[in-house]
Structure formats: structure tokens, C-alpha cells
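Undergrad: using only what follows, build the 3D model:
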Amino acid sequence: MEISAQEIRARVAADWQGIMDVVRQKVALRSVSAQGITGDHMKESAQYVARIMREVGVDARVVQSHNPDGSAGAWEVIGSLETNPDAPTVLLYAHHDVQPVPDPDEWDTDPFEVTQVGDRLYGRGTCDDTGGIAIHYGALKALGDDLGVNIKIFFEGEEEMGSASFIPFIEEHHDEFDSDVIIVADSGNWAPDVPSLTTSLRGNATCDVHVKVLEHPVHSGQYGGPILDANTLAAMLIAKMYDEDGALAIPGVEGGDPIGGLQRDVEETDMRAAAGVVDSYRLAGDGSLASRLWTKPSATVIGFDAHPVDGSFNVISPETTFRVSLRVSPLQDPHAAMNAMVEFFEGNAPFGADVHVTPLDAGMGWAMDPDCEASADAAAALEEAFGVAPVNKGEGGSIPFIPELQKIFPDAQVLVTGPEDPISNAHSPNESVSVSGLEKDVIAEALLLDKLGRN
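TA: So this is what the prediction gives:
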């Protein structure tokens, strides 16, 4: 029998303090995977998540993964809850590791003690991805014995570190991932009061570009002029990546339009404010702002080997290396994009300098099937919970395990949801989650699970 949105809302409200406690207790665990994915703090984090999942009926346990070379990997949480062998099976995903806090002084509150200010909870991981854990916990708690689907869970312990052991872990635990629908609660909504289904994620391709002009350093006064330093040559090469309008100009790197069509463009004023863009800066590129953020490629120099200004002296730098992170269109093969980058950099060496590219990571993007049954159920559940129709949105970032998982389980319908919103500041100081938005997310997932159980 269908459970009404009103009933689900009442159940979530009755247990809301318990859901808030999950957020507070989880944030306090300081589960920073960058401080060691095999550490005791990460094991404690996994054990906590397994315990709260057992509270809502899931037979959850902590298992340590292994890296491709066989070394010890992350502490993962897996488990299952079977209600009916003939019912659909839903895999719930979130990650229990969080980003580090390099400088606590940049925060207005203690990053590892949840502080509520108005409608927002501040703390590291509140939205990314403790909020996702709370959504799964709250939805299962609200449904209780009325749950009509079989549940499998996977709470990852190294998502913020690149998921190096993810594929070996799936291979070791294949049956515990096999499911009809996968709900990934690691994204967000258009706004705290406007829900979204994430329709796409960009892929990524990262490489190091090494530029060499001299066998050794030389005096800039004696040789400067005919010989340009490696940093300047690298800057020339970097500048060629974009045309004068700021559109990426690397041949073979493809773009695209928003998946499922553009329902609403990103507001420039809001985006500039959220990113802290200086007033004088003119946004680069062309086309809708949404396409530039979600489905067109972008290249970013994320590292550059150069002598610091402090202590610099008059010498021509003989060589340098810079690292480029390319966000790839959801529908392009990242290896093809990587090959295009290699050809571009090595084929455009300024003044014949020695340029060599070392490919690093490449991860496929992902595009939702907007016509699948689970997508329709999710859209309906979100509208019931929030009271307004969802606005589909893409994400400029990557969640590489999603395309990998769908490659292994091609028949699974994948839904990407989550508690973030444009002012959540995931990965940044003053990370936060909307209290009212999180409550509606819990209600929406409970309604979605109920709908999936009646299909």
C-alpha cells in the first residue's frame, strides 16, 4: 500500500532529532581520509556508519579494501536488508570520508563541531557527504517495516582520495553491488528549497607537461633575450589552450549541451557570489552558463613548478612542469581527450622547446537516462517532498566510480541526488547544509523507495 507524503513527513519529523544527531556525531569523528585511509580514525568512522545502519535494519559490516597492488586500502561499509526476493533491489551509496581542514582559522565555527546558524548546519562534511549518509539513514528509519524494496549499501572510505581500491573491491564483492537501482547521495539541489536530479557529471583527464629549454640554469643578464625561461615558455603554451573569448581551443576535446535539455540556466549573479569572483572579471567562454559549467570541457592548471618569489634571483629557469586537470564532457571518452591534450601540448612547443607530456588519471563522465522509470519516480518524489518541480542540473565535477559501476552493472538505473546547494561550500571553509533542505531530501528518498517498491 502506498504511503502518503503526509505520513512520511510526519515520521521524519518525529525522528528528526535522531537524524540531526547522526550529522553531529559523524562530523565529530574527523574522518579525513587524507590523513591516512587505513588509519584508526577511518576505521572508527566506518564502524559508526555500520552501527547506525544496523539501527535501521541493515545487516551492515566494515570490510577493508585492497589496492590494485594488493596493499591495504580503505575501510568500507557494506550490507543488505532483504524484504522480498521478488522486489527490486536498491543500492544506497554515500562516502564517509571528508576533506581536510588546512586552516581552521578560515572557519567562522569549529569545523569538527556542528554549529547551527539559522537554517544551516556548519561543519566539515555536513553536506559532503555526511548529509548523504543522513538521507539514507532517515529514509530507511521513516519507512521501517513498510519498506518494499531490498536494500544494499556501500559507504566508501576514500572517495575524497580518488577511490583507488574501488574496482578491486567491487570485484571481490560483486554480488553485494548487483542491484536494479543505484541511488548516489553525493550531489545536491538547485537551491535549499528547489530540488534537483543530477543529470550529468563531467569526466576528467589529468596530465603533467614538462617544458625544457636549457641543460642547466644560466644568468638572466648574460643570456636573457634570445633565450626565454622555461616558465615563460610554459605560460605561452598554457595561454594557447583558450581562444580570446575564453573558449577551450584544444582540437579533439569535445563539448555538449546540458543532458535532457536546459530547464533553467545558472544565474550569473548567484554563481559569481558563490565563487567569490572579483567584480572586474568577465566570465570566459560562450553559450549558456549551465553548459559551460556542466557539459563543456574546461582545463585548469592545478600545479606549477616554479621558484617562489621569496628568495628568487637572476637566473633563467631551464625547465619546469605544470599539471593540467581537464574536465571532460560527460559523453566524451576521457582517453580520447587525454590523447588530444598530448598532441596539443607536444605539437605547440613554443620556439621549439622540448615539451613532453605524461598522462596521469582519466575518468569517464556520466549522463543520466532521463527516460528510465526510476528517473520518473525520483522526479515525482522530489516534487512531493519539496512542493515544487525539480530542476535538472549537471555537475561540473566528477564521481568516477559511477560510470565504472554502471559499466559492471549495465542494467542498473542510476540516480544521483544529495544534500548540497549553491552555498554549501563543499571542500571549502564554512561548509554547511540546509536543515530544511536536508529534511525534504530525507522525505523525498523515503517516497522514492516506496514508489520503487510498487513498480
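
Undergrad: contacts for the helix or strand bottoming out on mean pLDDT in the chain?
TA: The least trusted helix or strand in the chain, going by mean pLDDT, DSSP states H and E, turns out to be helix 401-408, with a mean of 84. Contact with helix 401-408 is made by 156, 159, 163, 166-167, 170, 174, 177, 182, 184, 201, 203, 363-366, 412, 414, 416, as judged by CB atoms under 8 Å, 6 or more residues apart in numbering. C-beta here means a position set from N, CA and C on the backbone, and glycine is covered the same way.

Undergrad: of those residues, buried ones?
TA: The neighbour count (16 or more other CB atoms under 10 Å) marks 156, 159, 163, 166-167, 170, 177, 182, 184, 201, 203, 363-366, 412, 414, 416 as buried among the contacts of helix 401-408.

Undergrad: which residues touch the closest residue to residue 296 other than its chain neighbours?
TA: Closest residue to residue 296 apart from its sequence neighbours, by CB to CB, 6 or more residues apart in numbering: residue 255 at 4.1 Å. For residue 255, the contacting residues are 248, 291, 295-297, 329, by CB under 8 Å, 6+ apart.

Undergrad: if we go to 7 Å?
TA: Residues in contact with residue 255 (CB atoms under 7 Å, 6 or more residues apart in numbering) are 295-297, 329.

Undergrad: cool, and residue 50?
TA: So residue 50 contacts 60-62, 77 (CB under 7 Å, 6+ apart).

Undergrad: mind checking how far it is from residue 424?
TA: Here residue 50 is placed at a distance of 26 Å from residue 424 (CB to CB, to the nearest Å).

Undergrad: pLDDT on the lengthiest helix in the chain, on average?
TA: Determined from DSSP state H, the single longest helix within the chain is helix 435-453. The predicted model gives helix 435-453 an average pLDDT of 97.

Undergrad: packing partners for it?
TA: Under the contact criterion of 3 or more CB pairs under 7 Å, 6 or more residues apart in numbering; DSSP states H and E, helix 435-453 touches helix 5-14, helix 130-143, helix 373-386.

Undergrad: run the angle between that helix and helix 130-143 for me.
TA: 50 degrees (axes from the mean of the first three to the mean of the last three CA atoms, to 10 degrees).

Undergrad: now helix 435-453: how far from the chain's centre is it?
TA: Centre-to-centre, helix 435-453 and its host chain are 21 Å apart (CA atoms, centre = their mean, to the nearest Å).

Undergrad: in it, what's buried?
TA: The neighbour-count check on helix 435-453 (16+ other CB under 10 Å) flags 435, 437-453 as buried.

Undergrad: the helices in the protein, which residues?
TA: Using DSSP H, the helices of the chain run over residues 5-14, 16-28, 40-55, 130-143, 166-172, 220-223, 230-239, 268-275, 289-294, 334-347, 373-386, 401-408, 435-453.

Undergrad: residue 68: how many residues sit nearby?
TA: 10 (other CB atoms under 10 Å).

Undergrad: give me the nearest residue to it, chain neighbours excluded.
TA: According to CB to CB, 6+ apart, the nearest residue to residue 68 is residue 168 (5.8 Å).
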